[in-house]
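Chemist: Sharing a model that was predicted from the sequence below.
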Amino acid sequence: MEILTPFSRRWLMAALTAVLLPHLLVLPWWLVLFTLVALGLGWARSFAGFPKLPRIVKYLLLLFALLSFFVTFGLPAGRSSGSALLVLMAALKPLEIECRKNARHLLLLTYFLVAAYFFSYQEIAAALWLFFAVFLITIAFTALELEAESFISRQIVTPAMILSSASLPVVLALFFLFPRLPGPLWSFPEERRVAVTGLPNELEMGGISRLVRSSKVALRAEFEGSLPPAPEKLYWRGPVFSRFDGRTWRRRKDSSAVLKPALVSLTPLQTYTVTLEAHHQPWLLALDPPFLAPAGTTFSIARELLLKRPLHQVYRYKMATTENFQWFEKDLPTDFRKFVSPIAIRRNPRSFELARSWAAAGLVEEALVKRLLDLFRQAPFRYTLEPPSSSGNGPVDEFLFQTKAGFCEHYAGAAAFLLRSAGLPARVVGGYLGGELHPLGGYLVVRQYSAHAWIEVQLKNKGWVRIDPTAAVAPERVEIGIAAVFPESDLSFRLWGGSGNDWLRKLGQYRDLAEFYWNFWVLGYGPKLQNIFLGYFGLDKLYYWIAALIGLPFLALFLGLGILKLASLEKVPPEVMLYRRYCRYWARRGQARKLSETPTVFAQRLAQAFPEEAERAAEVASLYLQLRYGKKRNFSAELKRLRLLSR
């Protein structure tokens, strides 16, 4: 048996630890704790003097891991649960590894763990770290094959560096030249998610204000030929909520139904390109109102820009918008017109009666909207990121008549309910407001903390009109942005969007620029971009031939290696199997045979360490050499004797 040296074991643990670290950032806390304990025990085993764990302890650890896994995930039927199971097994494996063969198997498994992380997450920082982890895997393989006698030596690191350097040109050539298929770089069937970052599928009081605490990028936009509109005009339209049960606003169940409203631009269209981060919902974001649906998308009945399936990877598309437009629709669904559900009225009776009093006073359309905005301006309403908690029974009544403090979804939800109750068609629109022009890249960055909600009302002579009730209470939120209400002392805000030119802001700008180019050239490198790239070199029509020239030699190489491997396979002689069993017996007792030792020298060393075994060791060595290399006169009898002695 090829015994694993302590230094080879340390390189094995270093590679495994580097591969598992990114996974620990996205796994449940108990799995993180369990993995850290298992890695700690594995590291302890790489140092002399640490005893091997009893078999019963290993079984108990495995049983606890599997039971906890099935309680948390159930059957492994998706990428997250499958990756978690791989992490568990990989973390436990070093506790039982004794030979180089099993160590090789574990190192091969680490390659799958690297790929498993990229199925769900493709951040540039994690990619750089995992490239480093792959280099450590190469060093670990080198240490295994060369039987490392020290942890860091030129004998181990130099071959790994040569192998990695030699593979880099091949990797780049395959990435840029091999034909790209439509779709994401990494793709895998997606299981149902419990919670994701982005606009919610349902709008509750407080649903958007939670996003404001996140500085993650929602989208980036590049405007062609001109500067983007003023921040107060950058309404990024997303989901539209038209059904209200008194507590929660929801999208229509048939939002995929397509309606072609009369949307007319009164000024020239302005084109721009959006790079949208994965938000695991079917809608795209576009400046309000969105024109010219990209290929593969449709406009819903509420003018939502929809994909056929949820977005699970970075997506890049071209759009157009205009500042002045008219939007008329005929034959609106009931819930878009004047529908107020009885349950919503029962939960918010005071708000309903207030709206009906406006209608009874003869207020219609513009006068009704003005009365609504005057309510927010004149009463002691205030705009806050931390609104008072609500009992949830009648959130509109509580907001309008008790707390009078809230975020944008409070004002939008209450406004839409009041206008509907007064007889005016209204709906809530979720999205983002504003954006920050990147000083280095020249593109617009919109982050989660710019999440916003507003309403649309339909007026007889103007069609659908955007109304932002938040502007009546906190106009600085619309004109300046979230910086007007966000505490400047907050570290994350200073890093991404705070004012000033401090080093934190500069660091955030450089990082965002790196992510932008990473999304464009790596995650967004599809067939279209590949054609553009190869067109610079006049190869856009030849890349299939290039792929064949690259792929066929690799295919021939793998086939040749496979044939040579099959040809080299031969039946292991019985005397070799028996002698290997004998060596494994002594390896378990701490006397592993070195590769440089002949059977005779090994027998002499055993005789010195265990004098009582001298005669047996000498006879085993003699029988093995006779059966292996001598004349086979009494082969059966000698083989039987060797089998007896090797037990």
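Modeler: Ah, there it is.
Chemist: Now do the SS call for residue 516.
Modeler: Here residue 516 takes the helix state, with states given by DSSP: H, G, I helix; E, B strand; the rest coil.
Chemist: Near it, how many other residues are there?
Modeler: Applying other Cβ atoms under 10 Å, we find 20 other residues in the vicinity of residue 516. Just so you know, the C-beta spots here come from the backbone N, C-alpha and C atoms, and that holds for glycine as well.
Chemist: distance of it from residue 14?
Modeler: Separation of residue 516 from residue 14 (Cβ to Cβ, to the nearest Å): 33 Å.
Chemist: Helix, strand, or coil at residue 466?
Modeler: Of the three states, residue 466 takes strand according to three-state DSSP.
Chemist: In this structure it contacts residue 454, no?
Modeler: Yes: between residue 466 and residue 454 there is a contact under Cβ atoms under 8 Å: 6.1 Å.
Chemist: So for those two, which sits in the more crowded spot?
Modeler: Using other Cβ under 10 Å as the criterion, residue 466 and residue 454 rank with residue 454 on top: 25 against 14.
Chemist: element containing the more buried one, please.
Modeler: Using DSSP states H and E, residue 454 maps to strand 451-459.
Chemist: now do residue 220
Modeler: Residue 220 is part of strand 217-223, with elements assigned from DSSP H and E.
Chemist: The strand holding residue 454 to strand 217-223, inter-axis angle?
Modeler: Strand 451-459 runs at 60 degrees relative to strand 217-223, counting by axes from the mean of the first three to the mean of the last three Cα atoms, to 10 degrees.
Chemist: so residue 32 sits in a strand?
Modeler: No: using three-state DSSP, the assignment for residue 32 is helix, not a strand.
Chemist: State the distance from it to residue 616.
Modeler: As defined by Cβ to Cβ, residue 32 lies at a distance of 51 Å from residue 616.
Chemist: swap in residue 79?
Modeler: With Cβ to Cβ as the criterion, residue 79 and residue 616 are 55 Å apart.
Chemist: which one of those two has more residues nearby?
Modeler: Higher neighbour count among residue 79 and residue 616: residue 79, with 19 against 16, using other Cβ under 10 Å.
Chemist: Which residues are in contact with residue 246?
Modeler: Contacts for residue 246 (Cβ atoms under 8 Å, 6 or more residues apart in numbering) come out as 341, 343, 344, 345, 346, 347, 348, 394, 395, 396.
Chemist: Assign a three-state SS to it, would you?
Modeler: coil.
Chemist: so what's it closest to, chain neighbours aside?
Modeler: Leaving aside its sequence neighbours, residue 246 sits nearest to residue 347 (Cβ to Cβ, 6 or more residues apart in numbering; 3.2 Å).
Chemist: tell me, what residue is most central in this structure?
Modeler: Residue closest to the average C-alpha location in the chain (Cα atoms, centre = their mean): residue 121, at 2.5 Å.
Chemist: Partner strands of the strand holding residue 220 and their direction?
Modeler: Paired neighbours of strand 217-223 in the sheet (DSSP bridges): strand 270-276 (antiparallel), strand 444-447 (antiparallel).
Chemist: Which parts of the stretch 151-300 of the chain are helices?
Modeler: Taking DSSP state H, counting those that start in this stretch to define them, one finds helices in the stretch 151-300 of the chain at 154-177.
Chemist: If you could redo that for the stretch 451-600 of the chain, that was the one I meant.
Modeler: 470-473, 475-479, 491-496, 503-518, 527-535, 543-568, 574-588, 599-609.
Chemist: so where's the stretch 351-500 of the chain uncertain?
Modeler: Scanning the stretch 351-500 of the chain for pLDDT under 70 picks out 390-392, 476-500.
Chemist: pretty sure the residue nearest to the centre of the chain contacts residue 79?
Modeler: No: using Cβ under 8 Å as the test, residue 121 is too far from residue 79 to be in contact (10.5 Å).
Chemist: Name the nearest residue to residue 446, ignoring sequence neighbours.
Modeler: Distance criterion Cβ to Cβ, 6+ apart; nearest residue to residue 446, sequence neighbours excluded, is residue 435 at 4.4 Å.
Chemist: what about that neighbour, distance to residue 596?
Modeler: From residue 435 to residue 596 the distance is 68 Å (Cβ to Cβ).
Chemist: out of those two, which sits in the busier spot?
Modeler: Set residue 435 next to residue 596 and count neighbours by other Cβ under 10 Å: residue 435 wins out with 24 against 6.
Chemist: check contacts around the more buried one.
Modeler: Counted by Cβ under 8 Å, 6+ apart, residue 435 has contacts 221, 228, 231, 234, 236, 444, 445, 446, 450.
Chemist: Equivalent analysis for residue 345, please.
Modeler: 246, 352, 421.
Chemist: Excluding chain neighbours, what is closest to the last one?
Modeler: Distance criterion Cβ to Cβ, 6+ apart; nearest residue to residue 421, sequence neighbours excluded, is residue 355 at 3.5 Å.
Chemist: In the one helix or strand the one you found maps to, which residues are buried?
Modeler: Residue 355 is part of helix 349-360 when elements are defined by DSSP H and E. By neighbour count with 16 or more other Cβ atoms under 10 Å, helix 349-360 contains the buried residues 351, 352, 354, 355, 358.
Chemist: is it true that the second one touches residue 343?
Modeler: No: in this structure, residue 352 sits apart from residue 343 without contact. The criterion is Cβ under 8 Å, and the distance is 11.6 Å.
Chemist: Please name the bridge partners of residue 451.
Modeler: residue 432.
Chemist: Would you confirm that it contacts residue 199?
Modeler: Yes: counting by Cβ under 8 Å, residue 451 does reach residue 199; the two are 6.5 Å apart.
Chemist: ok, these two, which is more surrounded?
Modeler: Neighbour count, other Cβ under 10 Å: between residue 451 and residue 199, residue 451 has more, with 28 against 24.
Chemist: Could you single out the nearest of the buried residues of helix 349-360 to residue 403?
Modeler: Closest approach between the buried residues of helix 349-360 and residue 403, by Cβ to Cβ: residue 351, at 13.2 Å.
Chemist: Could you pull up the residues touching the closest one?
Modeler: Neighbours of residue 351 in contact, by Cβ under 8 Å, 6+ apart: 396, 397, 400, 401, 414, 417, 418, 421.
Chemist: Go again with 7 Å.
Modeler: Contact partners of residue 351, counting by Cβ atoms under 7 Å, 6 or more residues apart in numbering, are 396, 397, 400, 417, 418.
Chemist: can you name the two of those that are farthest apart?
Modeler: So, the contacts of residue 351 by Cβ to Cβ: farthest apart are 397 and 418, at 11.2 Å.
Chemist: Between these two, which has more neighbouring residues?
Modeler: Between residue 397 and residue 418, residue 418 has the larger neighbour count (other Cβ under 10 Å), namely 27 against 20.
Chemist: Is residue 371 in contact with residue 361, as I believe?
Modeler: No: distance between residue 371 and residue 361: 8.5 Å, which falls outside the contact criterion (Cβ atoms under 7 Å).
Chemist: Looking at the two now, which is surrounded by more residues?
Modeler: Shown here are residue 371 and residue 361; by other Cβ under 10 Å, residue 371 has more neighbours (16 against 11).
Chemist: now the end-to-end length of stretch 91-100.
Modeler: The first and final residues of stretch 91-100 sit 17 Å from each other (Cα to Cα, to the nearest Å).
Chemist: any idea how far residue 65 lies from residue 415?
Modeler: For residue 65, the distance to residue 415 - Cβ to Cβ - is 52 Å.
Chemist: Settle it for me: which of the two has more neighbours?
Modeler: residue 415 (27 against 21).
Chemist: Tell me which residues touch that one, please.
Modeler: Contacts of residue 415 by Cβ under 7 Å, 6+ apart are 372, 455, 469.
Chemist: Residue 448 - how many residues pack around it?
Modeler: Considering only other Cβ under 10 Å, residue 448 is surrounded by 22 other residues.
Chemist: Alright, I will stop here.
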